[in-house]
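[1] sequence plus the predicted model coming up.
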Amino acid sequence: MSAAEAENVYARALKFELENDWDKAFKLYLQAADAFLQISRTTDPNNINSLNPYQLTTFHIAKLSILKKSSIINNNHIPLLATSSPSNSYSTPFNDPDGQPSLPSLSPSTWKRPIHESSIPLLPSDIIQNIVNDCSVCASIAVCIQHNLRFKSDLLLSSLSSSDDGRYELKVLVNGDFRRIGSYQQLARVCAKFKQSSTTVSLSTPTINSLEYQPAKRISSGLHTSKKQSYMKLMGGYDFLGSNSAIDLHVLTGWIPEHIELQSSFFERERTWSRIITAFPRGDCMMTIGTNDKIYDIHTVKLLPSHAYAVTDIKETNDERWVTLLDSRICTPECGCGGGGSCPRVLDIRWDDICATFEGLYISWNPSLFGSCVTFHGSWQLENAEDLHRASTHHLRLNYQKANDRAHQKTSSASNTNTNEIDNRDRNGNGKDSSETEIWILLTRHLCDTRRTNEYIAINVQEDDMILGGDLQHVALKSNYTNSTHLLSRTKICQFQTHTSGSLSLLACYDGQFDQVGFTVTAFAYSSDVAVSWDTRVSPARYIQKIDGALTHKTAGGNCTHPTYMVNPQYHLRVHNTDTSIDKRQSASADKHNKTQVILTAQSTRYISLNVTAVWSRGERISELSQKEVVAHSGPYTYGHTRVAAHLAPGDYTVVLSAYEPDQTGKFTLKVESPSQFEIDPIPQEGAGMYVKTVCGKWDSNTAAGGPSQNRYHRNPVYEVTIPCASEFGARLQLLARAPGVSTNLSLFSSSTNLQRCVASSGPYSDALSGVDIPKRSICPGKYHLVPSTYHAGVHAQFRIVVYSTVSGIEVVLRS
C-alpha cells in the first residue's frame, strides 16, 4: 500500500469516527496504522524525511460534529434545524418536557394558557418591559416590529411555527447554525406590588411577553409572546443576566451584530453617522442603544441605568441630527414620575447628546447585503494544563478575489442570503460606494452556560505578508477582547489597487478557564464582484519551535517610543537556505528569490498587549528600530496574542517581542513556524554576565557645556572611574526623559591627559532614543575620566550612565 492509499484509509477512519460508527472507524484505524508501519520499514533510511506522518488539518474535521457538540445550552438540547424535525410523540395539549423558563425571585406566580388571541397588528410601543431584566429583548422585538411596518418585512414572524396542540417551534441562529427550540404558550400571572405614595397598587394581568404589562385595548396574537418565551428558554430563564440587542437580533433574525462603544477613543462620530443615516432609512440595519450603570438626565428626561432603548427613527433636519428612541420600560417608583405612568416613552435626542451620554450603539446588519459569505466551525483547545494562563488561538487564512462570473456571483449570493430578509444585494453594509471594498469577519463563541461571564474572545485580522508602512514611532494599541459572544471586525482591502486577489490572516482567540470551547468564524464580502473562500491548502509547518519567557521589570521595555525598548526579549533567528531544507512538495512556499515563509506567534494573558518585530541583523541585540531594517511586523499591539507571517531570505535576523507599556509584565510563549529549517536562540541582555554600576546626573546651568566645539567641554560632568585590574568594559548614556533633537556622546579619557587623549567613545553625537554606548572592550587597570555631553551647550536634562565590567570593585564617582 502506498503512502497516499494509507492516508486515504486514515481519512475514511476519521470520517466514520465523526459519524459515531466506532466499529468501522476502529478497523480502518488499524489498517492505516499497519500500512504506515509497513511503509516506514521499507523506506530507504536516507530518504526517511520524505515520509511525513498524516497531518490532520482544521478542515478535515467535520463541521457537523462541532455543531452537534454545541447543541447543549443551559442543560437543554437545542437541535440543529437541518438534522431534526418536530416530534409528534408529545401529549395533547402539548407540555414542554424541558419545563417553563425559570422566573426571577418575585411574588408567587402561576402559568396559564392564553384565552384571547387577536390578529390586530402590534406596534413597537405595545412591547413593554415590566419586572424582568430583558430590556434588550424588548428593544429587539420593538425594532423588528418597526421594520416590518415600515418595509413590509416579516422579521420574527417567519421564524415561528405553531401547531394545534399549543406547541411552538422557533428558528434561532445560535452556536454557528440555525436550530429549533420548542415551547408551549403559557403566560405567567404575577402579583407584583408597587408603592406609590401611601397607596399600594396590585397588578395581576396576563401580559404580552409573559411578565410584561399589556394595555387592555390591544391583546397580543401570542406570536411575540412565544418568541420571547422560547428565547428566554434558550438563555436559561427569565432571570438571565441580560444581553444586548445586537446579540438578541442575531439569534432571532440572523442579522449581523456590531457593537460600537460610543465612549471609546476609537469611536468615529462622523463616519458612524454617515453609515447609519444611509443604511437605516433603506432598512439595511436595525439599531438599539444602551446606557451604562449610571443615571443621566438629558433635557429633564431621566435615563435608566444599564438599559436598552429601541431606535425607531433617525433624521437630519435644519442641520440638526436627531435620533428617536423608544423606552419599553413600564413606570416604576424609581422613575421620575414616581410610578404614575407619566414618563415619556418616545424620546427625540440629538446625535451629539447620544454620543456624549450613552455607552453603546448596537447595530444589526441585513446579511443579504453581502454577495459572498463563508463559515468555519472550530474549537479552542488547550495544549496542556500550563496553557491555562494564556489565550488559546486558532489561525485561519481567508482568500479573496475579484470574480468575473456574474452568474456564479448571483448563485453564491443566493445561497448565503436569508430569503426572509429584504433584498439589497446592490448596496453595501456601511453606506459607502461598493467600489470601497471591505471584508467583515464575525467571531462567535458557542454558548454552553449563559451564566458564565469570565470567558473572553478576540479576533485579529490583517493582510498576509503585511508590509509595515508609516512612521515606526507612531505605534498603535488595539484592544478587542470582550466577554460578549460575538465580535465583528471590518477590514478595508487595499490590495485591489494593484492586485485582483489576496489573503487575510485571521487569529481567533479565547481566554477562559474552559477547554474544548466551540466557535464559528463567518466572513462576508459585500462587494458584488468579490468572492471569499477559506484556504484549505495551508499545511502544517515542518519545523516548529516554542520558547517560553517572561516580561519582568528588567526585561519589559515597552514599545519602540520608549528608551527602554532595547531591554525587551530579543532572539537571534537564522533562516537556512530553502534549497537544502525543503523537498519538492514544499518548494512552492519559496518564491523566486529563494525566500521561505516564517510565522511568528506570541501568546500571553489578555492583560498584556504584544507585538513581534523582525529586523535584518547579524543576530546581535538591537537598541532601536530602523524603518529600512524591519522585515516583519505584527502591526498594532493586541492583547493576549499577536502574529506575523513573512517571506524571509536565508540569513540572520533579530526578533523583538515587546509589550505596549514598560510596566506590563507576565509570562509569554513565542512560537516560530516554517517549512524551512531555522534556528532561534535568546540574545543576552547588554552587559549580561558583567558587574553593573549605575549613576545618575544632570546638565544644569553650570555643567551644560556642550561638545568640544563649544570650547567648554571640560565643564561637563566628569566621572572618575577606577579600574582595579584588567577587564572588559562598556558603558551606556541615556536621557531620563525624552528630548527630541538632543544629541549626546559618552567618552572615556585617561586621567593623566586632562581630557586630551580619548581611550574609548560612543562615536558621533546621536539623538538615538536608546542613548549612546561605548561598546564592550578590553581596558587596563587605572583611573579614567568618563564624560557625558550634549552637542549643543545650554541643554538642561537629567541622565543616567550604566557601566559594565567583568570585574567587581569598579568605582564611578562624580569629580568635584
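    Received the coordinates, thanks.

[2] alpha carbons only for contacts and neighbour counts from here, please
    Fine.

[3] show me what the helix or strand containing residue 631 is packed against.
    Element membership of residue 631, judged by DSSP states H and E, is strand 630-633. Judged by 3 or more CA pairs under 8 Å, 6 or more residues apart in numbering; DSSP states H and E, the packing partners of strand 630-633 are strand 609-616, strand 641-648.

[4] what is the least confident helix or strand in the chain?
    Every helix and strand of the chain was ranked by mean pLDDT, DSSP states H and E. The lowest is strand 199-203, at a mean of 29.

[5] tell me where the stretch 651-800 of the chain has strands.
    651-659, 666-674, 678-682, 691-699, 719-723, 727-735, 744-750, 758-761, 772-779, 782-790, 797-805 (DSSP state E, counting those that start in this stretch).

[6] ugh, typo on my part, it should be the stretch 151-300 of the chain
    Counting by DSSP E, counting those that start in this stretch, the strands of the stretch 151-300 of the chain are 160-162, 167-174, 177-184, 187-190, 192-196, 199-203, 256-261, 285-290, 296-298.

[7] before we move on, what about the stretch 451-600 of the chain?
    With strands called from DSSP E, counting those that start in this stretch, the stretch 451-600 of the chain shows them at 456-463, 477-478, 486-492, 501-511, 517-525, 530-534, 543-551, 570-575, 596-603.

[8] tell me the angle the fourth one makes with strand 486-492.
    Here strand 501-511 runs at an angle of 150 degrees relative to strand 486-492 (axes from the mean of the first three to the mean of the last three CA atoms, to 10 degrees).

[9] sheet partners, orientation included, of strand 501-511?
    strand 392-402 (antiparallel), strand 456-463 (antiparallel) (DSSP bridges).

[10] contacts made by it with the rest, please.
    Residues from elsewhere that reach strand 501-511 (CA atoms under 8 Å, 6 or more residues apart in numbering): 380, 390-402, 443, 455-464, 495, 605-606, 641, 643.

[11] rebuild the strands of the stretch 651-800 of the chain as JSON lines, extending it with mean neighbour count, mean pLDDT and distance to residue 356.
    Output for those, formatted as JSON lines (neighbours: other CA atoms under 10 Å; pLDDT from 0 to 100; distance: least, CA to CA, whole Å):
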{"stretch": "strand 651-659", "mean neighbour count": "24", "mean pLDDT": "96", "distance to residue 356": "32"}
{"stretch": "strand 666-674", "mean neighbour count": "19", "mean pLDDT": "93", "distance to residue 356": "36"}
{"stretch": "strand 678-682", "mean neighbour count": "17", "mean pLDDT": "96", "distance to residue 356": "49"}
{"stretch": "strand 691-699", "mean neighbour count": "16", "mean pLDDT": "95", "distance to residue 356": "45"}
{"stretch": "strand 719-723", "mean neighbour count": "20", "mean pLDDT": "95", "distance to residue 356": "56"}
{"stretch": "strand 727-735", "mean neighbour count": "22", "mean pLDDT": "95", "distance to residue 356": "40"}
{"stretch": "strand 744-750", "mean neighbour count": "22", "mean pLDDT": "96", "distance to residue 356": "47"}
{"stretch": "strand 758-761", "mean neighbour count": "17", "mean pLDDT": "94", "distance to residue 356": "56"}
{"stretch": "strand 772-779", "mean neighbour count": "18", "mean pLDDT": "94", "distance to residue 356": "47"}
{"stretch": "strand 782-790", "mean neighbour count": "23", "mean pLDDT": "95", "distance to residue 356": "48"}
{"stretch": "strand 797-805", "mean neighbour count": "20", "mean pLDDT": "95", "distance to residue 356": "41"}
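
[12] relative to residue 349, which of the ones you listed is closest?
    Closest to residue 349 of the strands of the stretch 651-800 of the chain is strand 651-659 (CA to CA; 41.5 Å).

[13] what's that closest one in contact with?
    556-559, 565, 568-576, 602, 608-622, 637.

[14] same question for stretch 143-151.
    For stretch 143-151, using CA under 8 Å, 6+ apart, the contacting residues are 122-124, 153-156, 283, 286-288, 310-312.

[15] in the chain, which residue is closest to the centre?
    Nearest to the geometric centre of the chain sits residue 458, at 2.4 Å (CA atoms, centre = their mean).

[16] surely that residue and residue 483 touch.
    No - counting by CA atoms under 8 Å, residue 458 does not reach residue 483; the two are 9.1 Å apart.

[17] going through the contacts of strand 651-659, which ones are buried?
    With burial judged by 16 or more other CA atoms under 10 Å, the buried subset of these is 556-559, 565, 568-576, 602, 608-617, 619-622, 637.

[18] residue 541 touches residue 672, doesn't it?
    No - using CA under 8 Å, residue 541 is not in contact with residue 672; the gap is 9.4 Å.

[19] hey, where'd the helices end up in this structure?
    Listed in chain order, the helices of the chain (DSSP state H) span 3-18, 22-42, 63-69, 135-151, 223-234, 245-253, 269-279, 351-357, 406-415, 578-581.

[20] give me the buried stretch members for the longest one, please.
    Of the residues in helix 22-42, those scored as buried under the neighbour-count criterion (16+ other CA under 10 Å) are 25, 28, 29, 31, 32, 35, 36, 39.

[21] avg pLDDT for it?
    The average pLDDT within helix 22-42 is 83.

[22] that helix packs against which elements?
    Counting contacts by 3+ CA pairs under 8 Å, 6+ apart, helix 22-42 packs against helix 3-18.

[23] which residues does the helix it packs on contact?
    Helix 3-18 is contacted from outside by 22, 24-29, 31-32, 35-36, 39, 51, 54, 62, 65, using CA under 8 Å, 6+ apart.

[24] stretch 506-522: end-to-end distance?
    Length of stretch 506-522, first residue to last, CA to CA, to the nearest Å: 11 Å.

[25] tell me the mean pLDDT over it?
    Mean predicted confidence for stretch 506-522 is 89.

[26] now do stretch 301-318
    Across stretch 301-318, the average pLDDT comes to 90.

[27] circling back: turn the contacts of stretch 143-151 into CSV, including neighbour count and distance to residue 712.
    Shown next, in CSV, are the contacts of stretch 143-151 (neighbours: other CA atoms under 10 Å; distance: CA to CA, whole Å):
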residue, neighbour count, distance to residue 712
122, 18, 88
123, 14, 86
124, 22, 82
153, 18, 84
154, 17, 85
155, 21, 82
156, 21, 84
283, 18, 76
286, 28, 72
287, 26, 70
288, 24, 70
310, 30, 73
311, 27, 72
312, 23, 75
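
[28] out of the helices of the chain, which gets nearest to residue 688?
    Comparing the helices of the chain under CA to CA, the one sitting nearest is helix 578-581, at 33.4 Å.

[29] check contacts around the spatially closest residue to residue 722 that is not a sequence neighbour.
    In space, and not counting its chain neighbours, residue 722 is closest to residue 783: 4.6 Å by CA to CA, 6 or more residues apart in numbering. Residue 783 makes contact with 720, 721, 722, 723, 750, 751 under the criterion CA under 8 Å, 6+ apart.

[30] residue 127 is in contact with residue 138, isn't it?
    Yes - the pair residue 127 / residue 138 is scored as a contact, 6.2 Å apart, by CA under 8 Å.

[31] of the two, who's got more company?
    Neighbour count, other CA atoms under 10 Å: between residue 127 and residue 138, residue 127 has more, with 29 against 26.
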